[in-house]
Structures are given as structure tokens and as C-alpha cells.
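Let's see this in three dimensions:
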Amino acid sequence: MNQLSSGALKEISVDSKHVDKPIFQLLALKKIGANSGTNDRYRLLLSDGEHSYSAMLGTQLNSLVSDNKLQSKTIIQLDKYICNTIGETNKKVMIILEVSILSQAKEKIGNPVPLSSTNQQSAPSAQAPPPAQNPVPNKPVPKFQGGNLNKPAGGSFYGSNNTPTTPGGTPAVARPIASLTPYQNRWTIKARVTNKTPIRKWNNARGEGQLFSMDLVDQSGEIRATAFKEQCIKFHDLIQVDKVYMISKCSLKPANKHFTSIDNDYEMSFTYDTVVTPVEEDTEEIPGMLFNFRKIGELENFEKDTILDVIGVVKSTGECSTIMTRNSQEVAKRDIQLVDDSEQIVNLTLWRDQAENFDGSNNPVMAIKGAKLSDFGGRSLTISSASVMQINPDIPRAHQLKGWYDNVGCSKEMQSISKGGGGGGGGSANWFNLHEVNSQNLGKSEKADYYTMKGTIMFLKKENCLYKACPEAECNKKLVDNGDNTYRCEKCSKTCSNYKYRLILSAHIADCHSSLWATCFQDTAEGLLGQKAEYIGKLKEDDDEAFNALFEVARCKSYIFKMRAKMETFNEEARMKTTCVNATAIDYKDYSQRIISEINKLSIM
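Below you'll find the predicted structure:
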């Protein structure tokens, strides 16, 4: 039987001493709070044989409870913990961050008596000490409150390590994030900013305004904070990612799990009284970004729109394409395929700058905090403005995955939980040839159907493949020629003398079964022709021979096409419209593996 650390609980909670890796017995375990799942909070009753004392279990250790590793009478060792004093009441909160399970006892050890969580120091003597002859005045606290930056005379704001103070002038004690509840309003946290979103505008029935959110972390856990309206404007530029701050006078409310993967039941909102003070010294104990990774093979067990953390190796990368949003703005989009050692593949969609600048060469490891799970085409992931993406992060899980992929995963046949194709390989589960497309009536239901195929360009129409569009970056509306070297944009309601070229290319694509006509928009069309639209437009104006040669060179080349099929009505006549979402070069290694897999399935049948 392991020997308990007798007297350790009194040393920690009453004498405020640190006991290295104390050994306790778990007497009881209770779930607190109304939520369920990964956000449950647990209170443990610990015993050192002499005394018993309650402690909070860090939410990152909840799996020990769900796996029944933590039970009544279990002997445990606290490898890492913190014990903080709350406010002026001297109440102590003990939070367990890392724990080792040593053994399972059959009965309670000793006869422990409850130990108060209040610091029971001896009462002060009746005779108060005389006041100091030359009291040192309190130093001014550098802070920005309500966004106004107040620097002490002759001092540097960012060079100071001063902290917020209580109304009595004593330094405020930082509370652990994991101990915050809406029932306390006088607290200060010391936390690192791991992510900050851009300013976003909102408009609803209650009014309009703008906001930004940030993710905060300390040794005990994470929490999301949001600043609205005036606080958004005042604090957004002052708060920097990876910096540590003392933050106080915020409000707490239940967290909305539809917008964050942060493992906390609550989230913070800045108020008019919020105080934020930078901390430049003694910040090494504050950790960086925390992840709660889910394996790709587990994603089918989660509901649509769940926000979660995922890590995987980039197996293949699709071409960057452009889609039109509901407000007629063009947005860059790129699909990639992630794989992990669950031997499953999932599609991940990148948007805007991340899509345009992404480099998937050499199969990097990608970690995403706050990816959104979709049921579009099976199970897929998308990155939002609140997500954080890291390439080849220096964490153990990333190194383990990279070693697995380079030695084992790169040559394994894997299944995709997504139907759409991310690249030129065999990872997509929604492959069809054109005979299957016709026989299964794809595109004839109310929703559009997406499928992947290998095909060859047979012909590209040169006629009407270009149009002159509005030169504004956010507008691609076709211009009306005024006949006097000026053009009119009906969408922007203005006249201009210049324009930009846009491509809408009709392509005749065939495989070994059949053929079809598909529409290719700007990025896909530029990829097929091998030139940008502006250059192609100038060739059309100045050099017909070179213009025609572009289309001849593009013929008879094969690609992996991702298609969108949808029945649409033109002049009261229903017609099938097929759009080429993207066309990627064929990765013959992956494609061959897919063909071998299909042959093996036929041989089993």
C-alpha cells in the first residue's frame, strides 16, 4: 500500500506551502454544474490520512473519470497542481492539473477530519504595530481601463510588472480560470492571449455594432473573452496575441458551444469597467495554446456544427478556386485532405488568404483549433475566422503523426469520411464514371450533387469565354459598353474607363464511358489554359494566332475533376447544369491505389 503524504493537505491549504508530488487517497468524487459531456466539472475529496480537503479536477483530466480510472479509495499522486486564494476571504481553491494513478485501495486509510478551506492563521495580537514613520506611497498601476492608456511618469507601460490592485490598494491576486463562476464578480486573472479574431460587424433586431473575441489560457484551463461596441474599438489594437495580461472586472455567462471549442462552461464579456494590464515579467509559467484533439475516425460520432480541435497530415491539396457568396462577393476556397493514424481521411476547407497562401508540399502536419464539423458530403471540416491553424507545430502529437505517416501511413490504403475530393488521389469516397453519373441520376434531386471523376479535355470553346468586368475588387459584374470608351457597372451604379477580364469557359470532358459539357469559372479556367485571364484577354485583342494556340495546347490533357451537378430551369425548360468546381493534376500513385482497391472489391464479390 502506498504511504500517504501525512499532513500535506494542511501544509498546502493552511500554511500555503508547496508539497512536491504529494500522495493522497480519493474519498469521494462529485460532478458539479448542469452541463454534460466533455465540459463536466468534478470536485474530489482528498485525504492524506489526517485531514480531508476538496479539490477541483482540471477539465483536461475528465477522461480519467469517464474511463473509471478515478474511483473512490483510489491512491493518486498530484504531479502538478495550483492552490490560489480567492479575494479577501482567504478561501483556497485547489485545482489538480496532472495526476498519476498509483493503486486502488479496498478501504479508507486512517480517520481523516475535514480541513477548512480558509487560511486559519493565528489571530493577530491586540496590540497593533505602530505606523511606519515614512510610509511609502502606493506606486501608480499602469493599466488601460476603458481603452485609455495611463503611463506612469518617466516609466514604460510595457516594461512594468505592476498588477491591478484592490479598492484597499493591495495587489490583486490572480484567480485560476478554472475557478471562475458567474456568482463572483471581484476577480482578476493572469492569462496569455492565444488567439484574437478580426473585428466583425453584427446587425440584428436589438441593434448593430461590432465585436472581437480572444482566447485566454493559464495553468488551469482556457476561456473565451469577447469585447463589444466601444470596448471592441478600445481594446482590439492594444491586445496582442501571445502576450500575458492581468484582466479584471469582466462579466461571465454560459458559453455558446456553437462558436468555440474552448473547454469551459463560461465565457467572459468586457464591460465599461474592464481593466487590462500587460505583464512583461514572470510569464513563463503561463502555457501557450491548449488543444483537445479528436481523431479523424471519431468525427462521425459528433453532431453537425460541433466545434472541435483536429490534427492530421496533409495527404493531398486541391487547387485554389473562387466561389460567389450570397452578397455577390468572390471568396477564395481550397479543399485539402487530412489523415491521421485512425487511418481515415477528412476534407478540410480553407477560405480567403489561408486558401490562397496554403502550401501543402512535403505533407505537413496541420493542427486546427476550433474547426467546424459539417455533414456536407459525409463528414467534413471548415475553418472560420475564429479558428487557429498551425503548420508543423512543435508538439509531441505532431511529431508522432509525422513519423507515422512517413514510415507507415503514406503507403496505406485509407477510407474517407468525406464524399468530396480534395486532391488528385484516391482519397475521395464519391468517385463516379460518367456511366454511373447518368444511371444514378445525379443532379436531378432538389439539392446539387457533387462527385469526383477522372476525365480528359476534348474541346474548349473560345467563343464568349471572356467578358469585361467591373474593376472593383469586390465586384465582378459584367460591364455595359457605353460606346464611347467608357463602361457602366449596374451593380456599383458608376461609370468607369477601365475593366478587368473574367473567364467563363465551356469544356467538353470525356472518360471511357461518355462525355459532358461543364462550365469552368475563373480559377479553374485559368488552370486549364495555363494563363491568367488578363493575359488571355490581351492575346484575344492583339494576337489571334497565340490566342487560338492556347486552346489547342490545353486539349487532350487529363485531370481529376470535382463536379457539381444540378437541374436548373431556363425558359421553362429543365436542363442539367454541370460546373467544374476544380481540376487538379493526377497523382498517379494515389490514383493507382484507388484503382487497385476497386479491383480488390470486385474480386471479393
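
How about the helix ranked longest in the chain, which residues are buried there?
The single longest helix within the chain, with elements called by DSSP state H, is helix 588-604. Within helix 588-604, the residues that count as buried by 16 or more other C-beta atoms under 10 Å are 590, 591, 593, 594. Yep, even glycine has a C-beta here, placed from its N, CA and C like the rest.

as a whole number, average confidence for that helix?
When pLDDT is averaged over helix 588-604, the result is 77.

Going by distance to residue 512, which of the buried residues of helix 588-604 wins?
residue 591 (14.2 Å; C-beta to C-beta).

My read is that the closest one contacts residue 560, right?
Yes - Residue 591 lies in contact with residue 560 (C-beta atoms under 8 Å); the separation is 7.4 Å.

Let's verify residue 63: helix, strand, or coil?
helix (DSSP: H, G, I helix; E, B strand; the rest coil).

any idea how far it is from residue 234?
Note on residue 63: its distance to residue 234, by C-beta to C-beta, to the nearest Å, is 40 Å.

quick check, residue 435 in a helix?
Yes - Residue 435: assigned to a helix according to three-state DSSP.

quick one, what contacts it?
By C-beta atoms under 8 Å, 6 or more residues apart in numbering, the contact list for residue 435 reads 513, 514.

Report whether residue 540 is found in a helix, as I expect.
Yes - counting by three-state DSSP, residue 540 is part of a helix.

And for it, the neighbour number?
When neighbours are counted by other C-beta atoms under 10 Å, residue 540 registers 17.

could you list every residue that touches it?
466, 547.

so what pLDDT did it get?
Looking at residue 540, its pLDDT reads 90.

Next, work out how far apart it and residue 458 are.
22 Å.

What of residue 262?
52 Å.

Compare these two (neighbour count), which wins?
More crowded of residue 262 and residue 458, by other C-beta under 10 Å: residue 262, with 28 against 13.

In terms of helices and strands, where is that one?
Using DSSP states H and E, residue 262 maps to neither a helix nor a strand.

isn't it right up against residue 217?
No - under the criterion of C-beta under 8 Å, residue 262 makes no contact with residue 217, lying 9.1 Å away.

and stretch 278-288, which residues are buried?
For stretch 278-288, by 16+ other C-beta under 10 Å, it's 278, 279, 286, 287.

quick one: terminal-to-terminal distance for it?
16 Å (C-alpha to C-alpha, to the nearest Å).

Report the rounded mean pLDDT for it.
Mean predicted confidence for stretch 278-288 is 79.

just use 41 as the starting number from now, easier for me
In the new numbering, first residue 41, that becomes stretch 318-328.

for that stretch, the distance to its chain's centre please.
23 Å (C-alpha atoms, centre = their mean, to the nearest Å).

Show me what whichever strand or helix holds residue 313 is packed up against.
Using DSSP H and E, residue 313 falls within strand 306-319. Strand 306-319 is packed against strand 183-185, strand 262-268, helix 269-275, strand 284-294, with contacts defined by 3 or more C-beta pairs under 8 Å, 6 or more residues apart in numbering; DSSP states H and E.

Include mean neighbour count when you put these into TSV, please.
Formatted as TSV, the helices and strands packed on strand 306-319 follow (neighbours: other C-beta atoms under 10 Å):
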stretch	mean neighbour count
strand 183-185	20
strand 262-268	23
helix 269-275	18
strand 284-294	19
